[in-house]
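*Asks:* here you go, sequence then predicted model.
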Amino acid sequence: MMNTKNKTGRRVGIDIGGTFTDLFVTEADGAASIYKSPTTPHDPSEGLLNGLTKAADAVGESLEEFLGGVTTIVHGTTIATNAVLTRQGAKTGFITTRGFRDLLNMRRGIRDRQNDSKYAPPVPLVPRDLIATVRERIDVSGNELIPLHEADVREAAQLFKEQGVEAVAVSYLWSFLDPAHEQRTAQILREELPGTFITLSSDVLPQIRAYERHSTTVLNAFVGPKLQNYLANIKRQLADRGFDGTLLIVQSNGGVMSPEIASEMAVNALMSGPAAAPEAALQYARRHGSEDVITVDMGGTSFDVALVRGGDPLLTSDSEIGGYRVALPMLDIHTVGAGGGSLVWVDSGGILRVGPQSATATPGPACYGRGGENPTTTDADLLMGYLNPDLFGDGAFTLDVDAARRAVQEKVATPLGLSVPEAVEGIYRVVNAAMAEAVNAVSVKRGFDPREFTLVVAGGAGPIHAVPIAQELGISRIIVPRESSVFCAVGTLLTDLKHMYARTFVAEVDAVDLGKVSEVYREMRDEAVVALRSENVEPEAIELVFTADLRYVGQFEEIEIPLAFEQELSPTTLKQLVSDFEEKHEALNGYSMPGEGTEIINLRVTALGRTMKAALAEEESAGADPAAAHKGTREAVFSGTARMTDIYDGLALRRDNRVVGPAIIEQPTTTVVLIEGYTLTVDAQGSYVIEPAN
């Protein structure tokens, strides 16, 4: 495990979202606390420090005293994501092989929306006048055909200097077979452009498919300086306030990495925010005997959905961020604009819409009373009677019911000719339908039956909508963690260090050189071990997973298959690899072709550095009767009818307490809406398990 001064000390998980910055703090005895602070978009570190100050105040310590007792901070950040989505990254130059200048911005040459005559691809991250070409060429076998013309590189550097370029991406045509030209190019650029962020495709993604490799490398350069500056600022501010423990950053693949590696491989943090959720969901579901999980996270801006099958979160190497291709393995997270702050509007055809635009933290929903005039999902939830206007955001402020009603009246009810109650219920149904469709996108559309999964619900707004979604999809078990509102922050403390390596090695299985394959695996293994050791991972905490991408000869898409490897591959291992490939091909595509030619495309190694996980304390049973937590009643809408509804204090509910719907369970940062026909039971860690009554 990792070296820290005190392996049983305080740990902090942090997730900065579009509306709130979430903190999850665990103590040595397993006690846990959650804190939320408004995100500060102008400087996210300000909201982070505000949250830490709030946590320190809660335990009667100064910020310096509090941070002095913290051994580990694990941080999920949307800095890289937002830089791409808002196109506010570094001014980036791109160097590639002469004759292939337009390959990056031609993309795949396929129109993404072939039936939309007005569709245009996203604005290039690198304009054509900042793409330089260099005479060099490595052939398909890795041999040098044309030496690197260093004068061309220096000429490109001069162009970039004149144009004020802040980052340079280098990706030559066949550099993944021999990176020497790229490495020499980097040396020259560092001489000519000191202080400029330089990134090489042979470091970021040394594998076949030029456009995907170019795009991923450019993204790394585009977001690198911004993430690098942010991490340097965070490290400095934490150190100035007494923190001398370990800081880790959540990766898009669900693992964590050191700030030093994150600063060089910024593209690995593109989905850092929601990437911790699947691992956290799995830990909660395992307590109830399930390793098949669908996790949903409804925050202030978005609704994120991911699927875990057999204990393994689904990964994809075919992602896009803002329309830009990322070919690195990332958690397969489906996102729709249906968060608590998503704006509700009526389109030109008179159709009610929710999102993707968001009120964000400033001004926020109309009910926040901060100047917002447009209704949001939160305004509708408030008017449904689900939210307590005096207990929101840990009591930070009171929700303005009249402002919410005015916004819905002016923007939705009047344009649609509806009463306010009709408009509010319509909003609630539209949001639920959008979220149910998002769950279908990661389950039914990929061949999985959602009824076989446990639904783990996260986000401050998620538990309000979870039960109707599960009912629509036929899911019979829902788990709402007590820490639901800071779920991704919880997940950061449940993840391991993870680095993923890949090398293209194209060969038909029948003619493959097992010695050369073994050599490549050993090289990647050694590189992985060095990286983990640099992050203070002890040898006994290192775990390596070896896989290969296979396909039938003539196919375009590969399938990643695990294999056993120590020092040398054997014919027996290769035979098993093909057998496993055919079995998985059958499962994914409905057929296999035994005896047909099979080829290897990429070799991969996943390196895990096991970290100490946060352990939550267990409660003693308090019996089924929840009367001690009953707060009273409030009028709320269920099945189109307003009725007096039992309200329970979530923090007062204890292990084995059982609540029968309809009911509302309130916590300072989360509200659970339990509809008729469902029951809620509190488990040993204080989480809520919701199931149909019959």
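*Replies:* Structure received.
*Asks:* so Q187 is in which element?
*Replies:* Assigning secondary structure by DSSP states H and E places Q187 in helix 180-192.
*Asks:* what is that helix packed up against?
*Replies:* Using 3 or more CB pairs under 8 Å, 6 or more residues apart in numbering; DSSP states H and E as the contact definition, the elements that helix 180-192 packs against are helix 150-163, strand 167-170, strand 197-200, helix 201-204. In short, each C-beta sits where N, CA and C put it, glycine included.
*Asks:* how close does F197 sit to V660?
*Replies:* F197 is 58 Å from V660, where distance means CB to CB, to the nearest Å.
*Asks:* in space, what's closest to E691 - neighbours in sequence excluded?
*Replies:* Taking CB to CB, 6 or more residues apart in numbering as the measure, E691 lies nearest to R477, with 5.6 Å between them; neighbours along the chain are not counted.
*Asks:* need phi/psi at the one you found.
*Replies:* When quoted as degrees, to the nearest 10, the phi and psi of R477 stand at phi -130, psi 130.
*Asks:* which residues are in contact with it?
*Replies:* Applying CB atoms under 8 Å, 6 or more residues apart in numbering, one finds that R477 lies in contact with H288, S290, T454, L455, V689, I690, E691.
*Asks:* where does the prediction get shaky in the stretch 301-450 of the chain?
*Replies:* Within the stretch 301-450 of the chain, the stretches with pLDDT under 70 are 361, 392-397.
*Asks:* kindly apply the preceding question to the chain instead.
*Replies:* In the prediction, the chain carries residues with pLDDT under 70 at positions 1-8, 18-19, 109-114, 116-117, 119, 361, 392-397, 613-616.
*Asks:* pull out the buried positions in the helix holding Q187.
*Replies:* Across helix 180-192, burial judged by 16 or more other CB atoms under 10 Å covers H181, E182, T185, A186, I188, L189, E192.
*Asks:* tell me the contacts of V326?
*Replies:* Going by CB under 8 Å, 6+ apart, V326 touches S215, T216, L219, S252, V267, L270, S319, E320.
*Asks:* shouldn't the last one be within a strand?
*Replies:* It refers to E320. Yes - secondary structure of E320 (DSSP: H, G, I helix; E, B strand; the rest coil): part of a strand.
*Asks:* bridging residues for it?
*Replies:* Beta-bridge pairing of E320, defined through DSSP bridges, involves R325.
*Asks:* could you check how far it is from R108?
*Replies:* As for E320, its distance to R108 is 11 Å (criterion: CB to CB).
*Asks:* for the first one, same thing?
*Replies:* Per CB to CB, S215 is found 10 Å from R108.
*Asks:* those two: which is more packed in?
*Replies:* More neighbours surround S215 than the other of S215 and R108, with 28 against 11 (other CB atoms under 10 Å).
*Asks:* the more buried one belongs to a strand, doesn't it?
*Replies:* No - when three-state DSSP is applied, S215 is found to be helix, with no strand at that position.
*Asks:* what segments of the stretch 251-400 of the chain are helices?
*Replies:* With DSSP state H, counting those that start in this stretch applied, the stretch 251-400 of the chain shows helices at 259-264, 277-286, 377-383, listed in chain order.
*Asks:* and the last one, what other elements does it pack with?
*Replies:* So that's helix 377-383. Secondary structure elements in contact with helix 377-383, counted by 3+ CB pairs under 8 Å, 6+ apart, are strand 342-346, helix 401-408, helix 420-442.
*Asks:* ditto for the second one
*Replies:* Using 3+ CB pairs under 8 Å, 6+ apart, the elements in contact with helix 277-286 are strand 293-298, strand 303-309, strand 312-313, strand 454-458, helix 487-492.
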